[in-house]
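Trainee: Return a 3D structure for these sequence lines:
(4 chains)
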Protein chains: 2
Amino acid sequence: MTDRTGRRRDSERRDDDRRDLAAMVHPVLRLLVAAELPVLAAHDVSMWGYSVLTALDEGPVRTQATLAEAIGADKTRIIGTLDELQDAGLISRTPDPNDRRARLLSITDEGRRVRRAVRSDIRAKEKHLLARLTPAERTTFVRALEKLSALSPDDLPDAQGLP
Amino acid sequence: MTDRTGRRRDSERRDDDRRDLAAMVHPVLRLLVAAELPVLAAHDVSMWGYSVLTALDEGPVRTQATLAEAIGADKTRIIGTLDELQDAGLISRTPDPNDRRARLLSITDEGRRVRRAVRSDIRAKEKHLLARLTPAERTTFVRALEKLSALSPDDLPDAQGLP
DNA sequence: TATTGTTATACTCTATAACTATA
DNA sequence: TATAGTTATAGAGTATAACAATA
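Mentor: Model prediction:
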């Protein structure tokens, strides 16, 4: 049934023998990032910059902290990114007249153009990777990813932060 | 058909409107890592340590560089990890008598025990996450991950390193 | 006093290169 | 001289805390 080290033979492989999810997801992410970096570089946008453009293309945001949280970043570390995007004319960033502490953030037409150009190039590369899957696998894989990526850490068991 | 900003309404959503894969995979990995860290801490193993144990549980390895490459790490950065694992008695690490430059690496019985205990705990947490998917989605998702995680950077289009 | 954004500091991770020991 | 491993250094990325402006 099992060999000396406790591993099952291929013919008897069960779901149990698979690697941990993280051990599979990590290389996949590495692959995707490797595919994206040259595209981003060609369009002169950083990874965080692209993430910001994507978020703002969904609609404007009233504070930088909100935006930072939306893309899973620290509020202090997107500042440089916002500076770059603003200098490049890809986003607009002005103090809220009603509360001058906050910065109204929105994507510009040029920003939208760049974002979509980048996305189109990335899509093309993703297509090559997803071609390794059957059409049915592709659809299900993407839907599963959408579901799982929408979860928050609070959805983990025992994830209630210690008060 | 599309609203002012070019977004389609939900009822007409097409595959095209999905986020980029990396934008979905990244949060999923974050979630998985958040789930794993407390487990690893409870067993006094680092993430890299666990990765090494997993690799060595597949069988012994003759050089550290080989092991490093197998787990996608730099050969210099697993040294500390190997020190810890060895001190904890979880791996054996001895010079190859035939070529004393190389280090024969293998997992110990205790290492195997720890690795499996960790894996079992991680599996339990993964189960909670995968419960968000239907059984059919689960199976397909895992299989798709297995396929994609097996790809190398060379499988990307235009990935031929410049000579 | 509380909140938003910014800057400064330190800390972690990683990569590069220099070194040792074997061959 | 070439290879495996180690150590040292520096660099990038990130988080923490202090600060300035506004409310």
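Trainee: got the residue ranges for the strands in chain A?
Mentor: A:91-96, A:99-107 (DSSP state E).
Trainee: Serialize these to CSV and add fields for mean neighbour count and distance to residue B:133.
Mentor: Where you see a C-beta, it was placed from the backbone N, CA and C, and this is true even at glycine. Below are these laid out as CSV (neighbours: other CB atoms under 10 Å in any protein chain shown; distance: least, CB to CB, whole Å):
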stretch, mean neighbour count, distance to residue B:133
strand A:91-96, 14, 36
strand A:99-107, 16, 33
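Trainee: Not counting residues beside it along the chain, what's closest to the residue nearest the centre of chain A?
Mentor: The C-alpha lying nearest the average C-alpha coordinate of chain A belongs to residue A:51 (CA atoms, centre = their mean; 6.9 Å). In this structure, residue A:51 finds its nearest non-sequential neighbour in residue A:71, 4.7 Å apart by CB to CB, 6 or more residues apart in numbering or on different chains.
Trainee: Compute the number of surrounding residues for the one you found.
Mentor: Counted with other CB atoms under 10 Å in any protein chain shown, the neighbours of residue A:71 add up to 18.
Trainee: contacting residues around it?
Mentor: Applying CB atoms under 8 Å, 6 or more residues apart in numbering or on different chains to residue A:71 gives the contacts A:48, A:51, A:52, A:54, A:55, A:78.
Trainee: Can you check the pLDDT for it?
Mentor: Turning to residue A:71, the model gives it a pLDDT of 93.
Trainee: What of residue A:155?
Mentor: 79.
Trainee: Surely residue A:88 and residue A:44 touch.
Mentor: Yes - applying CB atoms under 8 Å, one finds residue A:88 in contact with residue A:44, separated by 7.3 Å.
Trainee: who has more neighbours, those two?
Mentor: The residue with more neighbours, out of residue A:88 and residue A:44, is residue A:88; 15 against 12, by other CB under 10 Å.
Trainee: give the contact list for that one.
Mentor: With contacts defined as CB under 8 Å, 6+ apart, the neighbours of residue A:88 are residue A:44.
Trainee: ok, residue A:126 - how many residues close by?
Mentor: 18.
Trainee: Counting neighbours, what do you get for the residue nearest to it when sequence neighbours are not counted?
Mentor: Of all residues not flanking residue A:126 in the chain, residue B:21 sits nearest, at 5.3 Å (CB to CB, 6+ apart). By other CB under 10 Å, the residues close to residue B:21 number 25.
Trainee: confidence score at residue B:21?
Mentor: pLDDT, residue B:21: 95.
Trainee: what residues are up against residue A:37?
Mentor: residue A:47.
Trainee: How about residue A:48?
Mentor: Contacts of residue A:48 by CB under 8 Å, 6+ apart are A:71, A:73, A:77, A:78, A:81.
Trainee: Outside of stretch A:146-156 itself, list whatever touches it.
Mentor: By CB under 8 Å, 6+ apart, stretch A:146-156 touches A:159-160, B:18-19, B:23-28, B:31, B:34-35, B:125, B:128-129, B:132-133, B:137.
Trainee: Sort out which of those are buried, if you could.
Mentor: B:19, B:23-28, B:31, B:35, B:125, B:129, B:133, B:137 (16 or more other CB atoms under 10 Å in any protein chain shown).
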